[in-house]
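Engineer: give me a 3D structure for the following:
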Amino acid sequence: MHNTRVATFQKSAKVFFQMLFWVPVAGFSLLLIYNTVPYFTFEKDFSFIEERELLFKSNLYYTCFYIHIAAGALCIGTALIQFSRYILKKSKGIHRFSGKVYVFVVLFLGAPTGLYMSFFAKGSFLERALFMFMAGWWFITTLYGLITIHKRNVIAHKIWMMRSYAMAMTAVTFRVYHIIFYLLDWNHLENYELSLWISVVGNMLFAEWIIWRQSKNYLKSFIK
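Structural biologist: Numbers count the residues shown, from 1 in each chain. So this is what the prediction gives:
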């Protein structure tokens with residue numbers, strides 16, 4: 001009886017902490033998608049566009065920008081479906097379809113346009129180099145996620161897709177940090193640079209921590 005109660009408590013605690021993580025993740029993700037929609041009125045009175053007025057006179061940059069933000073919103077939306085255990089159990093077809101959409105969008109739209117735009121990113125050379133790294137690492141992790149699932153290596157597929165998702169979510173975490181530092185009255189450029197670095201490095205470390213935790217749990221269950 002005691003063991004049953006302990007197991008029930010542990011299960012409830014696990015569900016609670018999962019909700020504590022996924023509810024804000026889903027909420028901020030949907031908020032980002034919602035805030036992306038107004039850009040497709042193609043008006044020019046957005047701060048991002050006003051700051052880069054000269055760049056937006058280039059048809060290539062203009063096109064890449066709209067492809068990139070559409071791709072980002074689509075990736076973040078489909079990724080929420082990908083990591084839903086309920087959907088994975090109930091309908092693997094939805095998981096496969098949304099996964100194909102995610103992979104296609106990252107490899108052919110999101111990462112390439114992000115790489116191009118990184119050459120014109122705000123900040124110093126280091127910030128531009130970081131954006132280049134993000135685009136490259138997003139492409140590589142997604143590609144390996146695709147390769148490993150084709151080899152039917154489900155565990156490796158999950159690991160690479162977690163890393164890919166961590167890069168996709170920098171669009172969300174960056175804005176969260178940016179708001180926090182804005183409320184703390186940080187200088188705009190310092191806020192931008194710090195939010196960017198914390199978002200990228202923090203997301204990568206957090207993904208590796210989750211991978212490490214899950215690998216430990218997998219090994220424990222295997223030993224038992």
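Engineer: any stretches of this protein with poor pLDDT?
Structural biologist: 1-22, 83-88, 216-224 (pLDDT under 70).
Engineer: now with 50, please.
Structural biologist: Residues of the chain meeting the criterion pLDDT under 50: 2, 6, 9, 221-224.
Engineer: and the helices in this structure?
Structural biologist: 2-36, 47-51, 59-82, 85-90, 92-105, 111-118, 125-150, 154-168, 170-183, 188-223 (DSSP state H).
Engineer: let's have those helices in TSV, adding mean neighbour count.
Structural biologist: In this view, the C-beta of every residue, glycine as well, is placed from N, C-alpha and C. Formatted as TSV, these follow (neighbours: other C-beta atoms under 10 Å):
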stretch	mean neighbour count
helix 2-36	12
helix 47-51	11
helix 59-82	19
helix 85-90	11
helix 92-105	16
helix 111-118	21
helix 125-150	18
helix 154-168	20
helix 170-183	17
helix 188-223	14
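Engineer: contacts only, for the residue nearest to E50 when sequence neighbours are not counted.
Structural biologist: Sequence neighbours aside, K44 is the residue nearest to E50 in space, at 7.1 Å (criterion: C-beta to C-beta, 6 or more residues apart in numbering). Residues counted as contacts of K44 (C-beta atoms under 8 Å, 6 or more residues apart in numbering) are 50, 53, 56.
Engineer: touching, the last one and I49? I think so.
Structural biologist: Yes. F56 sits in contact with I49 when judged by C-beta atoms under 8 Å, with a separation of 5.7 Å.
Engineer: coming back round to it: could you measure from the residue nearest to E50 over to F119?
Structural biologist: 22 Å (C-beta to C-beta, to the nearest Å).
Engineer: no more questions from me, cheers.
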